[in-house]
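1. Based on what follows, work out the 3D shape:
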Amino acid sequence: MNIRLGLIGAEDNLGLIKSIVDEYPEFNCLSFEHSGEEELVEHLEAHSHHVDVWLFSGFLPYSTAIKWGKTSQPMYHTPYTGSSLYKTLYHILNNEQIKADELSFDAVHSSELNTIFDELGMEYDPAFLEEFIDESDIENSQTYLEHYKKSVEKFVQHHYDLWNENHTKAAVTCVWAVYTELKRLGVPVFRVTPANSAIKSVLNIIVRTHEMVRFRNSQIAVQMLEIDPFSGLSEGVFSSDEISNIEMRNSQKLLNYAKKVQGSLKTSGPGRYVIFTTRGEIDAITERFTIVPELEETLRIGKQDVTCGIGIGNSAYDAEINAGRALLNAKEYGEGAWMVLFEDKTINGPLGSAEKISYSYASAELQGISEETSLSVSTLGKIKSILDKWGKSEMTAHELAQQMQIMPRSARRIIVALQTKGYVKVVGEENPFPRGRPRKIYRFSL
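-> This is a model prediction of the structure:
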């Protein structure tokens, strides 16, 4: 196994991390030094096709790369907590005339500092710590450049204010840019660098994860496609010969597509085709099961004319069964829909849709409700996923119909079946129009 590792780090610890990476025969390492956010993105843009996985020397370049959002490779960063933080504090307490409670910190969690100070038999002022804001807390409008710069500015200001007002005697930072700026401002500062054990720990995680991904990508994947046999007919022409010609042309196009995904093709009745390939190939062409491939270019067939179910399994039989179930679910959404059913019985789709949902076929809880109500686990799973995405448990029959892409009368039939067994109850009404009939609001408890 040879893993192409892209290592991006600041000048003070890049060599250290690289020396430990070189101890691992599993890695072929390409290292890149960066001193700011623009260099970081330049490296990612220029070398993403040359690496399998990225390792960042710190959390800030790592989170900036996530914010940038244009890298498909897995990403990791070396931790600065635990042994790394202990190493820095040991140096300060043994070599400097500074006490631990005279230091300001950034980017570590308060629980980490609490543990360290408890073991030292000391208390620390929470105001001396500036924690890092998780990616989920950052405003969506903020670009990756603003994210990087504002994080550095926030940490620098935190340390400088405490030192300037004589609350602290020195700063401890995990960020190279913060370290260099504080030195320029004359603030005594110490840089947390990753401990050897921390670096080895993340490298071991990368190796194990890569093995798992490689195994997952070799799983069998089956695509079951239905193509409208009348989509290529001229208006008013429905001869059996013309339909047969279209079938042969579609078969030839699908043979080319099967070659593109390293698969084999077989027909399974009029207008239905099955392609056997691997999960890795389908993962790539659908961009991790998020989009429908550009069929117009590959097959010269419109997307709306091809309905597809993708099944993943540990055997060809399991994958084909899952593909059939996925196709049935895709057809419920209409022509052109693509759904995927994974080996853990989680179904996802329609691919490429803003209303994409994910739910489980294997929920024991939903299976019990299915037996009580005669509704399928698939239908119940869709409702539960819609409610989770909706963010609340109340909706009208009209809203349920819109979300499930079914007729309102079908939605009402589902609600009645659930209401009869106590899984739905009326909690209010709404008037959508001044003269319209009030719509009942139902609360679901699945």
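
2. Tell me which helix or strand in the chain has the weakest average pLDDT.
-> helix 295-298 (a mean of 58; mean pLDDT, DSSP states H and E).

3. so the residue nearest the centre of the chain, which of the three states?
-> The residue lying closest to the centre of the chain (C-alpha atoms, centre = their mean) is residue 288, at 9.1 Å. Assigned by DSSP: H, G, I helix; E, B strand; the rest coil, the conformation of residue 288 is coil.

4. Could you find the closest non-adjacent residue to it?
-> Closest residue to residue 288 apart from its sequence neighbours, by C-beta to C-beta, 6 or more residues apart in numbering: residue 72 at 7.6 Å. C-betas here are computed from N, CA, C, even on glycine.

5. who does the helix or strand containing residue 309 pair up with?
-> Using DSSP states H and E, the element containing residue 309 is strand 306-313. Strand pairing for strand 306-313, determined by DSSP bridges: strand 220-227 (antiparallel), strand 338-341 (parallel).

6. With distance to residue 442 as extra columns, can I get these in CSV?
-> Output for those, formatted as CSV (distance: least, C-beta to C-beta, whole Å):
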stretch, distance to residue 442
strand 220-227, 34
strand 338-341, 26
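
7. Out of those strands, which is the most enclosed?
-> strand 338-341 (a mean of 28; mean count of other C-beta atoms under 10 Å).

8. returning to what we had before: the strands paired with strand 306-313: which one's closest to residue 127?
-> Residue 127 sits nearest to strand 338-341 of all those, at 49.6 Å, using C-beta to C-beta.

9. Any chance you could give me that closest one in CSV, C-alpha atoms only?
-> Output of strand 338-341 as CSV, limited to C-alpha atoms (Å, rounded to 0.1, in the frame of the first residue of the first chain):
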residue,chain,number,x,y,z
TRP,A,338,-31.5,8.4,-9.0
MET,A,339,-31.5,6.7,-5.6
VAL,A,340,-28.8,4.6,-3.8
LEU,A,341,-29.2,1.9,-1.2
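
10. What ranges does the stretch 151-300 of the chain have for its helices?
-> For the stretch 151-300 of the chain, the helices defined by DSSP state H, counting those that start in this stretch occupy 176-184, 196-217, 240-260, 279-285, 295-298.

11. Only the buried residues of the first one, if you could.
-> Think helix 176-184. Residues of helix 176-184 classed as buried: 176-182 (neighbour count, 16 or more other C-beta atoms under 10 Å).

12. Next: the second one.
-> In terms of neighbour count (16+ other C-beta under 10 Å), helix 196-217 has its buried residues at 198-199, 202-203, 206-207, 210.

13. For that helix, name the packing helices and strands.
-> If you count contacts as 3 or more C-beta pairs under 8 Å, 6 or more residues apart in numbering; DSSP states H and E, helix 196-217 packs onto strand 3-9, helix 14-21, strand 53-56, strand 75-77, helix 83-95, helix 279-285.

14. mind checking which of those is nearest residue 399?
-> Closest to residue 399 of the helices and strands packed on helix 196-217, according to C-beta to C-beta: helix 279-285, at 32.9 Å.

15. Convert the C-alpha atoms of that closest one to PDB, please.
-> Extracted as PDB, the C-alpha positions of helix 279-285 are listed here (Å, rounded to 0.1, in the frame of the first residue of the first chain):
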ATOM      1  CA  ARG A 279     -18.400   1.400  -5.300                       C
ATOM      2  CA  GLY A 280     -15.300   3.400  -5.900                       C
ATOM      3  CA  GLU A 281     -16.200   3.900  -9.600                       C
ATOM      4  CA  ILE A 282     -19.700   5.000  -8.800                       C
ATOM      5  CA  ASP A 283     -18.500   7.200  -5.900                       C
ATOM      6  CA  ALA A 284     -16.300   9.000  -8.300                       C
ATOM      7  CA  ILE A 285     -18.700   9.500 -11.200                       C
END
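
16. residues touching the closest residue in space to residue 446 that isn't next to it in sequence, list them.
-> Nearest residue to residue 446, sequence neighbours excluded (C-beta to C-beta, 6+ apart): residue 384, at 5.0 Å. Residue 384 sits next to 359, 366, 446 when contact means C-beta atoms under 8 Å, 6 or more residues apart in numbering.

17. again, only using 10 Å
-> 357, 359-360, 363, 365-366, 369, 444, 446 (C-beta atoms under 10 Å, 6 or more residues apart in numbering).

18. coming back round to it: so which of the strands paired with strand 306-313 gets nearest residue 81?
-> strand 338-341 (37.4 Å).

19. circling back: can I have the buried ones of the contacts of residue 384 as a PyMOL selection?
-> PyMOL command restricting the contacts of residue 384 to the buried ones, with burial defined by 16+ other C-beta under 10 Å:
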select buried, resi 357+359+360+363+366+369+444+446
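
20. Residue 323 versus residue 152, what's the distance?
-> 49 Å (C-beta to C-beta, to the nearest Å).

21. The two: which has the busier surroundings?
-> For residue 152 versus residue 323, neighbours defined as other C-beta atoms under 10 Å are more numerous around residue 323 (27 against 21).

22. So what's the residue count around residue 95?
-> 8.

23. what's the answer for residue 56, then?
-> Residue 56: 24 surrounding residues under other C-beta under 10 Å.

24. low-confidence ranges in the stretch 301-446 of the chain?
-> Applying pLDDT under 70 to the stretch 301-446 of the chain flags residues 301-304, 362, 432-436.

25. how about the strands of it, start to end?
-> Under the criterion DSSP state E, counting those that start in this stretch, strands of the stretch 301-446 of the chain are mapped to 306-313, 338-341, 346-349, 357-360, 394-396, 424-430, 439-444.

26. Sheet partners, orientation included, of the third one?
-> Looking at strand 346-349 with DSSP bridges, its partner strands are strand 338-341 (antiparallel), strand 357-360 (antiparallel).

27. between those strands, which gets nearest to residue 170?
-> Of those, nearest to residue 170 by C-beta to C-beta is strand 357-360, at 49.0 Å.

28. Can you show me the CA trace of that closest one as PDB?
-> Below are the C-alpha coordinates for strand 357-360, written out as PDB (Å, rounded to 0.1, in the frame of the first residue of the first chain):
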ATOM      1  CA  ILE A 357     -33.100  12.800   2.000                       C
ATOM      2  CA  SER A 358     -31.500   9.800   3.700                       C
ATOM      3  CA  TYR A 359     -33.300   7.200   5.700                       C
ATOM      4  CA  SER A 360     -32.800   3.600   6.900                       C
END
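
29. Pull the contacting residues for residue 108.
-> Counting by C-beta under 10 Å, 6+ apart, residue 108 has contacts 59, 79-82, 84-85, 116, 129-132, 172-174, 192.

30. Buried ones among those residues?
-> Buried members of these, scored by 16+ other C-beta under 10 Å, are 59, 79-82, 84-85, 116, 129-130, 132, 172-174, 192.

31. Please narrow these to those residing in strands.
-> Among the buried ones among the contacts of residue 108, DSSP state E puts 129-130, 172-173 in strands.

32. Mind putting those into a markdown table with pLDDT and distance to residue 164?
-> As requested, these are exported to a markdown table (pLDDT from 0 to 100; distance: C-beta to C-beta, whole Å):
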| residue | pLDDT | distance to residue 164 |
| --- | --- | --- |
| 129 | 92 | 17 |
| 130 | 90 | 15 |
| 172 | 94 | 17 |
| 173 | 93 | 16 |
